[in-house]
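> Sequence plus predicted model, see below.
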Amino acid sequence: MVTRFFYTTQSNNSPVLKFIDCKDLTNHIVDIDFQVFLFENLNKISVYTCERKDSPEDTIIHASIIDMDTHKSLFNIDNAVVNYFDDTYIYTSSTNEKNMKYSIYDWNGNLVKEISPSEELLGNEYNTNNMFWKTNGSQIIRIVDKYIVASTTIEKTNHFYVCNIESGHCSFVK
């Protein structure tokens, strides 16, 4: 049962991460440096912050998984976001849209598997050569059995695809 509902709001033109405790309906500010919330599971949250540089290509994304009991960081990564995690693995999406990669880590930070949907989906039925150069990004939505379910926006249209975790093969959902 969900006991906390996380959301991001603005305060003094800066994002503030908050949650509502569903047990007593109280509102709380999360006292951590990372401000954009992505996912919650197992009383942990994935968050990220963006370090803006002069050039968008030089901008750095810092992502982390935070234990909500201790407020300590359990996993950190740069230039990727933590889209999903369970008690065994952590699933990340790179922020490099020209060479999109999904990486799977164990909780010790060891890389277990890497999947490159940008390579798998080129020359697909949408005939979009270098399609990830034309997107607004691609993110993992969910893990279902042995598949990564993801979405991307190509020329203002949402497309969904799945990647087999074992084989690394990706295909669009029809």
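Sure, I can see it. Residues are numbered from 1 along each chain as shown.
> what pairs with Glu40 across the strands?
Ile45 (DSSP bridges).
> Run a quick neighbour tally on it.
19 (other CB atoms under 10 Å). No exception for glycine: its C-beta is placed from N, CA and C like everyone else's.
> swap in Ile115?
Counted with other CB under 10 Å, the neighbours of Ile115 add up to 23.
> contacting residues around it?
The contact partners of Ile115, by CB atoms under 8 Å, 6 or more residues apart in numbering, come to 101-104, 148, 163, 165, 168, 170.
> mind running it again at 7 Å?
Ile115 makes contact with 101-102, 148, 163, 168 under the criterion CB atoms under 7 Å, 6 or more residues apart in numbering.
> who's the nearest residue to Tyr147 once chain neighbours are set aside bridged to?
Spatial nearest neighbour of Tyr147, chain neighbours left out: Val162 (4.6 Å); criterion: CB to CB, 6 or more residues apart in numbering. Beta-bridge pairing for Val162 (DSSP bridges): Val149, Ser171.
> what pLDDT does Val162 get?
The model reports Val162 with a pLDDT of 90.
> Tell me how many other residues crowd it.
By other CB under 10 Å, 18 other residues sit near Val162.
> ok so, going back, with neighbour count and distance to Thr95 as new columns, can the contacts of Ile115 be given to me in CSV?
Output for these, formatted as CSV (neighbours: other CB atoms under 10 Å; distance: CB to CB, whole Å):
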residue, neighbour count, distance to Thr95
Lys101, 16, 10
Tyr102, 25, 12
Ile148, 25, 17
Cys163, 22, 18
Gly168, 16, 20
